[in-house]
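*Asks:* got a predicted structure plus its sequence, pasted below:
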Amino acid sequence: MENLNFIIKSKKFTTEPLKVGNLIDLWKMRSVLSMGNYGNIYRMGFINADDALMIIDIEAFFTVFCPDFIQSLKPGSIRDLGVEDYIEIRDVYTKDILPWLEKVETVLKKKNDA
């Protein structure tokens with residue numbers, strides 16, 4: 001799989017090379033950020049549960065795959081961003097990053113089915 005390039009606030013970032021360990025770290029980071037409640041948040045079905053999970057997914061992704069991006073943030077964390085800045089990052093995440101992650105999952109699934 002190729003590295004992913006994306007632009008936020010006119011600055012180009014590139015993900016770290018994809019390794020299986022990155023995927024493990026991504027899943028672990030989701031658990032850490034949700035204090036072990038990732039699945040429970042989903043199952044609760046609260047109106048803002050999807051937003052909470054999206055914020056967790058975004059922070060987990062950038063922490064694991066692009067720590068340079070996290071370091072570039074003035075507040076130092078996705079959680080500390082203002083709503084407008086978060087929305088810009090969320091839009092890049094849904095437009096560029098989610099399709100890349102889905103492609104990774106598809107490749108893994110195909111390899112698993114073979």
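*Replies:* Ah, there it is. Numbering: from 1, shown residues only.

*Asks:* would you check that Glu59 makes contact with Arg79?
*Replies:* Yes: with contact defined as C-beta atoms under 8 Å, Glu59 counts as touching Arg79 (6.8 Å). In short, each C-beta sits where N, CA and C put it, glycine included.

*Asks:* tell me which of these two has more neighbours.
*Replies:* Shown here are Glu59 and Arg79; by other C-beta atoms under 10 Å, Glu59 has more neighbours (20 against 11).

*Asks:* show me where the chain has strands.
*Replies:* 5-8, 11-14 (DSSP state E).

*Asks:* what's the closest non-adjacent residue to Met1?
*Replies:* What sits nearest to Met1 in space, not counting adjacent residues and going by C-beta to C-beta, 6 or more residues apart in numbering, is Leu18, at 4.6 Å.

*Asks:* so what's the one you found up against?
*Replies:* Contact analysis of Leu18 by C-beta atoms under 8 Å, 6 or more residues apart in numbering lists Met1, Asn3, Val104.

*Asks:* and it, how far from Gly36?
*Replies:* With distances taken as C-beta to C-beta, to the nearest Å, Leu18 is found 26 Å from Gly36.

*Asks:* repeat for Ser72
*Replies:* Distance of Ser72 to Gly36, computed by C-beta to C-beta: 29 Å.
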